[in-house]
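Visitor: from the sequence below, what's the structure:
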Amino acid sequence: MSNILIAGCGDVGTALGLELAADGHAVFALRRKVSGLPGVFTPVAADLTAPATLRGLPRVDYLYYTAAADGRDDAAYERAYVTGLRNILQALSVQKPRHVFYVSSTSVYGQRSGEWVDEDSETGPSGFNGARVLEGERVLAGGPCAATAVRFGGIYGPGRTRLIDQVRAGASCVGEPPVFTNRIHRDDCAGMLRHLLTLNPPADRYIGVDCDPAAQCAVMEWLAWRLGAPAPRRERLDAGSSRGKRCSNARLLASGYAFRYPTFREGYSSLIGETAAQARSSGKTDTDRIGT
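Guide: Take a look at the predicted model:
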């Protein structure tokens with residue numbers, strides 16, 4: 001079994017760490033505030049943006065970099081995806097872990113007309129978020145260790161019910177022409193990252209999305225049906241607006257990964273069921289819990 005450091009151990013990192021610990025690995029969880037971490041983790045209190053706090057890190061075989069920005073501005077993304085990554089790679093440069101896994105994003109792509117993209121497609125982010133995440137990939141590629149970037153689509157799952165809330169609130173969707181969306185359940189994020197550890201060697205990058213890059217209206221209309229809510233009103237796409245892209249997970253599937261939630265239907269069905277069960281146990285109605 002291996003010693004594994006999860007840097008920026010938030011929601012995805014914690015889910016991953018629990019699976020790795022169940023496999024028998026020693027999991028070190030690094031974040032600024034370590035209170036509340038699962039007891040099976042060894043906490044490492046440190047700030048990725050403060051190199052002095054990264055001295056004396058434990059000796060590890062693998063690093064998962066799962067940090068997320070703490071704000072929706074360029075400075076926050078630069079801290080999380082560029083400065084923090086550069087700092088920890090420098091801190092680990094002497095011991096050189098066998099492999100580094102970096103949580104990236106499909107926002108590194110700039111395609112806007114519903115095109116299919118894969119790991120070899122041209123990147124060209126349109127926003128600061130994708131630009132900083134892609135800059136982090138370049139830092140990773142220039143680092144001292146073998147490395148893999150994992151480009152996740154939109155993550156949903158426990159505590160991530162924004163689309164459910166929007167459907168409940170009667171939000172409209174863009175139906176003509178269709179706008180494509182890509183997503184992955186939080187548990188498949190953890191499962192995929194765990195799976196990559198078993199590959200020898202993994203590729204330098206993977207797209208992490210489920211098997212159905214569906215149109216926005218298709219997802220929202222299905223959710224409305226599943227929730228017993230009114231169907232969203234369909235609107236036309238404004239001229240010049242993006243139709244999104246369709247991300248292929250063929251490389252991941254070819255590596256042997258089996259999705260727990262292959263499409264949004266399985267994933268959201270599970271999430272709605274979990275949310276309803278939590279609401280019942282707390283004495284609240286489903287509407288109270290999810291929002292109206």
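Visitor: pull out the buried residues from stretch 224-234.
Guide: The neighbour-count check on stretch 224-234 (16 or more other C-beta atoms under 10 Å) flags 224, 227, 229, 232 as buried. C-betas here are computed from N, CA, C, even on glycine.
Visitor: list the contacts of that stretch.
Guide: Defining contact as C-beta atoms under 8 Å, 6 or more residues apart in numbering, one finds that stretch 224-234 is touched by 164, 167-168, 170-176, 217, 220-221, 223, 268-269, 272, 290.
Visitor: and the helix or strand where Leu18 lies, what other elements does it pack with?
Guide: If you go by DSSP states H and E, Leu18 is part of helix 11-22. Counting contacts by 3 or more C-beta pairs under 8 Å, 6 or more residues apart in numbering; DSSP states H and E, helix 11-22 is packed against strand 3-7, strand 26-31, helix 186-196.
Visitor: what angle do that helix and strand 26-31 make?
Guide: Calculated by axes from the mean of the first three to the mean of the last three C-alpha atoms, to 10 degrees, helix 11-22 forms an angle of 160 degrees with strand 26-31.
Visitor: how far off helix 186-196 does helix 11-22 point, in degrees?
Guide: Relative orientation of helix 11-22 versus helix 186-196 (the same axes, to 10 degrees): 50 degrees.
Visitor: average pLDDT for helix 11-22?
Guide: Throughout helix 11-22, pLDDT has a mean value of 98.
Visitor: name the residues that touch it?
Guide: 4, 6-7, 9, 27, 29, 37-38, 40-41, 64, 66, 103, 155, 159-160, 186-187, 189-191, 193-194, 197.
Visitor: list buried members of these by neighbour count.
Guide: Buried subset of these (neighbour count, 16+ other C-beta under 10 Å): 4, 6-7, 9, 27, 29, 37, 41, 64, 66, 103, 155, 186-187, 189-191, 193-194, 197.
Visitor: now the strands: where do they sit in the protein?
Guide: 3-7, 26-31, 42-45, 62-65, 99-105, 116-117, 147-152, 154-156, 173-176, 183-185, 205-208, 234-236, 246-247 (DSSP state E).
Visitor: other SSEs contacting the last one?
Guide: Spelled out, that is strand 246-247. Using 3+ C-beta pairs under 8 Å, 6+ apart, the elements in contact with strand 246-247 are strand 116-117.
Visitor: where exactly do the helices run in the stretch 151-292 of the chain?
Guide: Along the stretch 151-292 of the chain, counting by DSSP state H, counting those that start in this stretch, helices occupy 162-168, 186-196, 216-227, 250-254, 264-282, 286-290.
Visitor: deepest-packed of those, please.
Guide: helix 186-196 (a mean of 22; mean count of other C-beta atoms under 10 Å).
Visitor: got the angle between that one and strand 147-152?
Guide: 160 degrees.
Visitor: name the helices or strands packed onto helix 186-196?
Guide: Looks like helix 186-196 contacts helix 11-22, strand 99-105, strand 147-152, strand 154-156, strand 205-208 (3+ C-beta pairs under 8 Å, 6+ apart).
Visitor: of those, which is nearest Leu57?
Guide: Between Leu57 and the helices and strands packed on helix 186-196, the shortest gap by C-beta to C-beta is with strand 99-105, which sits at 13.2 Å.
Visitor: show the pLDDT at Ala131.
Guide: 98.
Visitor: tally of neighbours for it?
Guide: Close neighbours of Ala131, defined as other C-beta atoms under 10 Å, add up to 21.
Visitor: you'd agree it is up against Pro125?
Guide: Yes: the criterion here is C-beta atoms under 8 Å, and Ala131 meets it with Pro125 at 4.8 Å.
Visitor: so what sits against both of the two?
Guide: Residues touching both Ala131 and Pro125 (C-beta under 8 Å, 6+ apart): none.
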